[in-house]
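**Q** After the sequence you'll find the predicted model.
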Amino acid sequence: MSELINNSTERKKKLKELILKLHTGEYQEAVREKLLESLSQIPYGEVVEVEQELISEGLPEEEVLKLCDAHSGVLDGNIDLSSSKKIPDGHPVDVMIHENSELKKVALEIDILLNEISIDKAVNIEAVILKLRGLFNSLFDVDKLYRRKEYLLFPFLESQGITGPPKVMWGKHDEIRELIKGSIELLQTPSITREELIASSEIVLFPAIQGVVDMTKKEEEILYPMALDILTESDWYEISKQSLQIGFCLYDPQKEWKPVWAKEDSVNELNKTGQNIQLPSGSFTVEELLAILNTLPVDMTFVDRDDKVKYFSQGKERIFQRNRAILNRDVRHCHPPASAHIVDKIIEDFKSGREDQAPFWINSGHKMIHINYFALRNDKGDYLGTLEVSHDISGYRKLEGDQRILSYKK
């Protein structure tokens, strides 16, 4: 089959024939063997072209979605990435690959725990379930990565005529989301036994982590290299600028990528509503507001009315570490599963109007930390969200007498 090595048209024709065999019921392994015999390595761009052609020629997208995993199984390890472009640090694709690394770590932790349950009959099932709930909550962060693909990346691909594969991939996203949600619901089942968990794992938990891991391969071996070839630097810059509105998955980009031609954005230019924020008692620029929020001697985190984390202050000495991966994440998933019921209770009481604040204070090392949750409401009393304010009050507790003379000592 040497005639296929340098002949893209013939190679795609052969690949199309092999994929169609899957849809006529031929076993995945048999098709894979034929692929290895005839094609060996397939350039990533041709895989997308073939899938697009099959859909254009009448193969229903639902049918492609149904056998999407079989397609990947047949191609696994046989995609030629030698011509793929280099990815700059902080580029949207670089960020997505880092997010994939974090997702794979979480999936591996889950896999290890599930296997331990199968082997160890004396396992503390309640403790393991608590851990699994936390890990699956983290895994659901993949929703932010998928939404960035669906709402930022796919529209640019579709504008270039790549329509079928994004739709198929979006369908796969939905399947994975449902599996993760199902896993979380299963792990919240009261008094679930070890045997019940093992039996359910094969149906929901393992498929959920496998779905996430398989998707990282589809992205890194096909979608991202192809998108890097097709999208312009301007397209990627738009994706990069809008990414923060959706948020990142388990990873906070360490470097901001920007094309060399892009102008330096000032904080004020990022404020699309204008130069000043006008309030009833005065106004300030976004730059001034940012300085005020970051100078206050407290940590603040804002959760909106839909229970999504929307903002956190970035003072020099934060008490509780935050990174941008938590933005747009459900606040329940930002706390250990053991305290999730407390979060639920506070939100429920704030939304219903029963309570307006919930104070806590804890000893942490040599520090006394005061944490207060405030319900935010507008003039009509409508609930807008919750503000968490954390403050190290150790120094205040030691104060005695007065200080009436100017002193810059801390």
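**A** Perfect, I can see it now.
**Q** And the pLDDT for the closest residue to Lys121 other than its chain neighbours?
**A** Excluding the flanking residues, the one nearest Lys121 by C-beta to C-beta, 6 or more residues apart in numbering is Arg194, at 7.3 Å. Bear in mind the C-beta positions are built from the backbone N, C-alpha and C, glycine included. With respect to pLDDT, Arg194 scores 92.
**Q** Count the residues that sit near Arg194.
**A** 17 (other C-beta atoms under 10 Å).
**Q** Isn't it up against Ala122?
**A** No: the pair formed by Arg194 and Ala122 falls short of the contact definition of C-beta atoms under 8 Å, at 9.5 Å.
**Q** quick one: low-confidence ranges for the chain?
**A** The model of the chain has pLDDT under 70 over residues 1-6, 35-40, 63, 66-68, 70-71, 73-74, 264-275, 409-410.
**Q** hey, which helix is longest across it?
**A** The residue-count maximum for a helix in the chain (DSSP state H) belongs to helix 92-119.
**Q** Please name every helix or strand in contact with that helix.
**A** In this structure, helix 92-119 makes packing contacts with helix 125-139, helix 142-148, helix 194-200, helix 206-218, helix 224-230, helix 233-246, judged by 3 or more C-beta pairs under 8 Å, 6 or more residues apart in numbering; DSSP states H and E.
**Q** try it again with 6 Å
**A** Contacts defined by 3 or more C-beta pairs under 6 Å, 6 or more residues apart in numbering; DSSP states H and E place helix 92-119 against helix 125-139, helix 206-218, helix 233-246.
**Q** To Val50, which of those lies closest?
**A** Among these, the nearest to Val50 by C-beta to C-beta is helix 206-218 (14.3 Å).
**Q** hey, where'd the strands end up in the protein?
**A** Along the chain, counting by DSSP state E, strands occupy 42-43, 79-80, 276-279, 282-285, 299-304, 309-312, 357-364, 367-377, 383-392.
**Q** partners of the fourth one in the sheet?
**A** Here strand 282-285 is paired, per DSSP bridges, with strand 276-279 (antiparallel).
**Q** what comes up buried for the partner strand?
**A** When burial is assessed from 16 or more other C-beta atoms under 10 Å, strand 276-279 yields no buried residues.
**Q** Just the CA trace of it, in CSV.
**A** What follows is strand 276-279, C-alpha atoms only, in CSV (Å, rounded to 0.1, in the frame of the first residue of the first chain):
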residue,chain,number,x,y,z
ASN,A,276,-15.9,55.4,35.3
ILE,A,277,-18.1,53.4,37.5
GLN,A,278,-20.7,55.8,38.8
LEU,A,279,-22.3,55.1,42.2
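**Q** from the middle of its chain, how far away would it be?
**A** 33 Å (C-alpha atoms, centre = their mean, to the nearest Å).
**Q** Also stretch 248-267?
**A** 17 Å.
**Q** Report the buried residues of that stretch.
**A** So, applying 16+ other C-beta under 10 Å, buried residues of stretch 248-267: 248-251, 253, 257-258.
**Q** So for this structure, which residue is the most central one in space?
**A** Cys249 (2.7 Å; C-alpha atoms, centre = their mean).
**Q** Just want the phi and psi numbers for that residue.
**A** phi -100, psi 100 (degrees, to the nearest 10).
**Q** related to what we said a few turns ago, any chance of the strands of the chain in CSV with distance to Pro225 as columns?
**A** Listed next are the strands of the chain as CSV, based on distance: least, C-beta to C-beta, whole Å:
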stretch, distance to Pro225
strand 42-43, 9
strand 79-80, 9
strand 276-279, 43
strand 282-285, 42
strand 299-304, 36
strand 309-312, 33
strand 357-364, 46
strand 367-377, 45
strand 383-392, 40
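**Q** Those strands: which one's closest to Ser118?
**A** Judging the strands of the chain by C-beta to C-beta, what sits closest to Ser118 is strand 79-80, at 32.9 Å.
**Q** Determine the set of other helices and strands touching that closest one.
**A** Looks like strand 79-80 contacts no helix or strand (3+ C-beta pairs under 6 Å, 6+ apart).
**Q** One more pass at 10 Å, please.
**A** Judged by 3 or more C-beta pairs under 10 Å, 6 or more residues apart in numbering; DSSP states H and E, the packing partners of strand 79-80 are strand 42-43, helix 44-56.
**Q** how about CSV for those, with mean neighbour count and distance to Leu290 added?
**A** Output for the helices and strands packed on strand 79-80, formatted as CSV (neighbours: other C-beta atoms under 10 Å; distance: least, C-beta to C-beta, whole Å):
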stretch, mean neighbour count, distance to Leu290
strand 42-43, 20, 47
helix 44-56, 20, 42
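**Q** would CSV of those with distance to Ile203 be doable?
**A** Shown next, in CSV, are these (distance: least, C-beta to C-beta, whole Å):
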stretch, distance to Ile203
strand 42-43, 33
helix 44-56, 28
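**Q** For Tyr251, give its distance to Pro225.
**A** Going from Tyr251 to Pro225 by C-beta to C-beta, to the nearest Å gives 20 Å.
**Q** same thing with Ile319?
**A** Distance from Ile319 to Pro225, by C-beta to C-beta: 42 Å.
**Q** Pick out whichever of the two has more residues nearby.
**A** Pro225 (24 against 16).
**Q** how about the nearest residue to that one, chain neighbours excluded?
**A** Going by C-beta to C-beta, 6+ apart, Pro225 has Ser84 as its nearest residue, at 3.8 Å.
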